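Asks: model the following, please.
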Amino acid sequence: MEKDLCKPSPGTPDRPDGPDPGAGFGGLHVCLGLRRASLLPVPGGIQGDLGIRRLDRIAHRSRRTRHFERDRQEVRADVAQAFLNNIRAPGKTAMSKKSMSTCLFKPMRRREALSLIGGAALAFSGLPFPWSGTAQAESSRRPNILFILSDDHRWDHMGCAGHPFVQTPHLDRLAREGVRFKNAFVTTSLCSPSRASFLTGTYAHTHGVKNNLTPWRNDRTTFMEILKQQGYQTAFIGKWHMPGRLPRLRGVDHFVTFTVQGGQGRYFDCPLVVDGREEPSRKAYITEELTDRAIRFIANQEKAPFCVVLSHKAVHHQFLPPPDLKGLYDNAPLNLPPEMDPWVSSIDGNLFYGMLGPVSFLYRNYCAALTAMDREIGRLLRTLDQLGITRDTLVIYAGDNGYFWGEHNLVDKRYAYEESIRIPFIVRWPALIRNPGRTAPHMVLNVDVAPTILEATGVGVPRFMEGQSLLPVLKRAQAPGRTAWLYEYFRDYPYRVPPHTAVRTRTHKYIEFETERPPELYDLVRDPGERHNLYGTPRGRELAPRLRALLERLRASGGRTGD
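Replies: From the prediction side, this is the model:
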């Protein structure tokens with residue numbers, strides 16, 4: 001039987017197995033990130049009374065009192081009583097599963113949305129709930145920001161990118177409603193440097209986090225700090241993964257991360273650090289836990305626009321999916337490269353891959369964990385829909401680097417080859433993008449995220465940032481883009497990958513190593529798999545001087561191309 005990819009995994013503390021008195025409204029608590037216990041009634045109708053008063057305050061604040069009294073009575077009579085009655089009688093709901101699904105996952109009229117959200121407010125009035133009846137109409141307002149960052153997700157592992165079996169319906173939705181960049185890259189293919197580049201808009205040689213051992217410098221400015229100064233409510237939720245003590249990030253109102261396993265965290269029962277305090281995870285599976293916390297933060301923002309960075313552990317090794325998706329792709333046909341060693345990567349002699357199992361087993365788990373993360377992205381997108389803020393929320397999805405699955409007989413990342421440096425990159429902003437669903441050929445980088453966010457919010461791009469705003473490309477499909485860019489990799493002990501730099505143009509790549517290893521030169525049009533090194537060949541001798549000079553200019557300019 002095909003697994004329901006939109007159904008949360010069973011067996012977690014908030015979703016016990018067996019009969020559930022709130023089963024008829026499970027989708028509601030998933031969309032809003034609420035505990036089912038909070039849906040249970042309490043004696044005396046306290047939740048209902050507080051919920052109605054909550055709606056009264058919302059009506060006063062939004063000054064939409066003309067029809068609100070009538071709608072309030074409908075909420076009281078038609079929603080509140082039915083809601084409370086139904087959860088007292090398990091298995092008997094006024095809404096069919098089909099009608100509940102329609103309410104939750106399709107656009108709703110104002111009254112329908114009010115009834116659904118009002119019912120939620122009646123049931124758990126202690127949670128502040130935003131209401132913006134004009135959010136969809138005010139395209140000129142400052143956008144909310146939702147930046148979703150995954151770990152080790154390579155660019156071609158999405159349905160919208162043509163993968164033969166990996167199911168990513170919600171990332172596919174983002175691509176249909178936004179712009180997917182098929183030539184997106186990181187300037188250093190390693191977790192810590194790449195993440196610092198996303199936050200600062202600068203290269204590793206500028207922000208200083210050159211490998212997974214170099215601490216974050218607290219004097220570095222992130223786009224979150226700048227947005228906080230402009231009145232945004234900000235949150236960083238998830239994997240921080242930079243060496244040293246956890247920083248007190250300037251400009252971050254809510255900081256949720258983990259420090260176990262060197263900052264990598266665990267897929268199951270991962271302890272958290274929440275605003276400097278240790279807390280246990282409420283959900284067994286970390287991807288669900290982080291999504292819950294992002295949803296709660298978003299749902300609590302009533303006045304100021306928000307900026308949320310959701311930084312997933314997934315899909316980093318050990319590539320563990322939740323129990324209900326385990327084995328999802330066990331029968332999927334694999335097309336791993338023929339040169340792939342079945343057990344151990346030759347990248348550095350690290351045996352942990354072999355200890356975890358053969359690459360085919362790890363790869364299937366990787367794909368299942370990716371689908372699990374996509375499911376949680378779906379919850380986030382539905383939350384934006386229900387809150388009526390989809391149009392005015394800029395959503396960016398990206399991976400922190402690519403990943404080898406046997407290409408060049410490698411597993412991991414680091415090298416300047418395409419599988420390592422290319423990332424998934426999708427931008428959705430309905431208020432700005434007039435021709436959604438297109439795939440852009442422009443070369444874009446992780447250092448472009450911060451400038452794009454700041455220009456989108458009207459702040460402008462600081463001079464210290466080395467990336468470029470993508471707003472021109474989002475507005476106009478024919479906007480010009482960069483013609484070349486600089487890649488750099490620094491020593492990262494104990495890994496034996498030599499430091500190297502590279503220039504990547506639209507058609508060629510030239511790599512120079514700091515060791516005696518000879519340079520490499522590839523024609524990416526005729527040889528996209530980079531299997532034929534042209535350096536030293538007649539064609540290579542013709543191309544190398546120009547590419548070497550271009551690389552030197554990029555090094556001298558710190559990566560700024562002037563394009």
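Asks: so T187 sits in a helix?
Replies: No: counting by DSSP: H, G, I helix; E, B strand; the rest coil, T187 falls outside a helix, being coil.
Asks: residue closest to the middle of the protein?
Replies: I148 (2.1 Å; Cα atoms, centre = their mean).
Asks: quick check: which element contains it?
Replies: Here I148, judged by DSSP states H and E, is contained in strand 144-150.
Asks: sheet partners, orientation included, of that strand?
Replies: Strand 144-150 has its sheet partners listed here by DSSP bridges as strand 306-311 (parallel), strand 393-399 (parallel).
Asks: for these, which one sits closest to F236?
Replies: Nearest to F236 among the strands paired with strand 144-150 is strand 306-311; the distance by Cβ to Cβ comes to 4.8 Å. Where C-beta positions appear, they are placed from N, C-alpha and C, glycine not excepted.
Asks: buried stuff in that closest one?
Replies: The neighbour-count check on strand 306-311 (16 or more other Cβ atoms under 10 Å) flags 306-311 as buried.
Asks: give me the low-pLDDT residue ranges for the stretch 451-563 of the chain?
Replies: Scanning the stretch 451-563 of the chain for pLDDT under 70 picks out 562-563.
Asks: output the below-cut-off pLDDT ranges for the chain.
Replies: Along the chain, the parts satisfying pLDDT under 70 run over 1-140, 244, 341-357, 562-563.
Asks: was I right about F425 contacting A398?
Replies: Yes: the criterion here is Cβ atoms under 8 Å, and F425 meets it with A398 at 4.9 Å.
Asks: shared neighbours of these two, anything?
Replies: Common neighbours of F425 and A398 (criterion: Cβ atoms under 8 Å, 6 or more residues apart in numbering): A184.
Asks: OK, contacts around W429?
Replies: Going by Cβ under 8 Å, 6+ apart, W429 touches 143, 178, 393-395, 456, 474.
Asks: now with 6 Å?
Replies: Contact analysis of W429 by Cβ atoms under 6 Å, 6 or more residues apart in numbering lists L394.
Asks: E514 too?
Replies: E514 sits next to 498-499 when contact means Cβ under 6 Å, 6+ apart.
Asks: return the distance of stretch 430-445 from the chain's centre.
Replies: Distance, stretch centre to chain centre, for stretch 430-445: 17 Å (Cα atoms, centre = their mean, to the nearest Å).
Asks: beyond the strand holding I148, next helix or strand please.
Replies: Past strand 144-150, the next helix or strand by DSSP H and E is helix 169-177.
Asks: what does that following helix contact?
Replies: With contacts defined as Cβ under 6 Å, 6+ apart, helix 169-177 is touched by 158-160, 374, 377-378, 381, 397, 426, 428, 436-437.
Asks: you'd agree Q301 is up against Q233?
Replies: Yes: counting by Cβ atoms under 6 Å, Q301 sits close enough to Q233 to count as a contact (5.2 Å).
Asks: for this protein, which helix is longest?
Replies: Ranked by residue count under DSSP state H, the longest helix found in the chain is helix 359-387.
Asks: and the angle from that one to helix 169-177?
Replies: Angle of helix 359-387 versus helix 169-177, following axes from the mean of the first three to the mean of the last three Cα atoms, to 10 degrees, is 60 degrees.
Asks: if you count neighbours, what's buried in helix 359-387?
Replies: Counting neighbours by 16+ other Cβ under 10 Å, one finds that the buried residues in helix 359-387 are 359, 362-387.
Asks: same check, this time on stretch 439-455
Replies: Quick answer for stretch 439-455 (16+ other Cβ under 10 Å): 440, 442-455.
Asks: so which helix or strand takes in I433?
Replies: Judged by DSSP H and E, I433 forms part of no helix or strand.
Asks: hmm, I typed the wrong one, I wanted S197.
Replies: helix 191-200.
Asks: just checking, what packs against that helix?
Replies: Applying 3 or more Cβ pairs under 6 Å, 6 or more residues apart in numbering; DSSP states H and E, one finds that helix 191-200 contacts helix 204-207.
Asks: what's around R546, how many residues?
Replies: 12 (other Cβ atoms under 10 Å).
Asks: is it in a helix, a strand, or coil?
Replies: Secondary structure, three-state DSSP: R546 is helix.
Asks: one more: the one 4 residues further on?
Replies: In the three-state summary, L550 is assigned as helix, counting by three-state DSSP.
Asks: beta partners for the nearest residue to it once chain neighbours are set aside?
Replies: Spatial nearest neighbour of L550, excluding adjacent residues (Cβ to Cβ, 6 or more residues apart in numbering): V503 at 5.2 Å. On the basis of DSSP bridges, V503 is bridged to L486, Y510.
Asks: so V503 sits right up against E552, yeah?
Replies: No: counting by Cβ under 6 Å, V503 stays clear of E552, with 9.1 Å between them.
Asks: looking at those two, which is more packed in?
Replies: Shown here are V503 and E552; by other Cβ under 10 Å, V503 has more neighbours (24 against 13).
Asks: what about the more buried one, distance to K326?
Replies: Per Cβ to Cβ, to the nearest Å, V503 is found 43 Å from K326.
Asks: what's the answer for D219, then?
Replies: When D219 is compared with K326 (using Cβ to Cβ), they lie 44 Å apart.
Asks: looking at those two, which is more packed in?
Replies: K326 (16 against 7).
Asks: quick one, phi/psi of the more buried one?
Replies: phi -60, psi 130 (degrees, to the nearest 10).
Asks: re earlier: now, the buried residues of stretch 439-455 that are in helices?
Replies: Judged by DSSP H, helices contain the following of the buried residues of stretch 439-455: 449-455.
Asks: from the chain's centre, how far out does the longest helix of the chain sit?
Replies: 10 Å.
Asks: cool, stretch 295-314 as well?
Replies: Counting by Cα atoms, centre = their mean, stretch 295-314 is centred 12 Å from the centre of its parent chain.
Asks: export only the CA atoms of that stretch, formatted as PDB.
Replies: Provided in PDB are the C-alpha atoms of stretch 295-314 (Å, rounded to 0.1, in the frame of the first residue of the first chain):
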ATOM      1  CA  ILE A 295       4.700  27.200  13.300                       C
ATOM      2  CA  ARG A 296       4.200  28.300  16.900                       C
ATOM      3  CA  PHE A 297       6.500  31.300  16.400                       C
ATOM      4  CA  ILE A 298       4.700  32.300  13.200                       C
ATOM      5  CA  ALA A 299       1.300  31.900  14.800                       C
ATOM      6  CA  ASN A 300       2.200  34.200  17.700                       C
ATOM      7  CA  GLN A 301       3.300  37.100  15.500                       C
ATOM      8  CA  GLU A 302       0.400  39.600  15.600                       C
ATOM      9  CA  LYS A 303       1.800  43.000  14.800                       C
ATOM     10  CA  ALA A 304       5.300  43.000  13.400                       C
ATOM     11  CA  PRO A 305       6.400  41.100  10.300                       C
ATOM     12  CA  PHE A 306       8.400  38.000  11.100                       C
ATOM     13  CA  CYS A 307      11.600  36.500   9.800                       C
ATOM     14  CA  VAL A 308      12.100  32.800  10.500                       C
ATOM     15  CA  VAL A 309      15.200  30.800   9.600                       C
ATOM     16  CA  LEU A 310      14.200  27.100   9.900                       C
ATOM     17  CA  SER A 311      17.500  25.100   9.700                       C
ATOM     18  CA  HIS A 312      16.800  21.400   9.500                       C
ATOM     19  CA  LYS A 313      19.100  18.600  10.500                       C
ATOM     20  CA  ALA A 314      17.700  16.500   7.700                       C
END
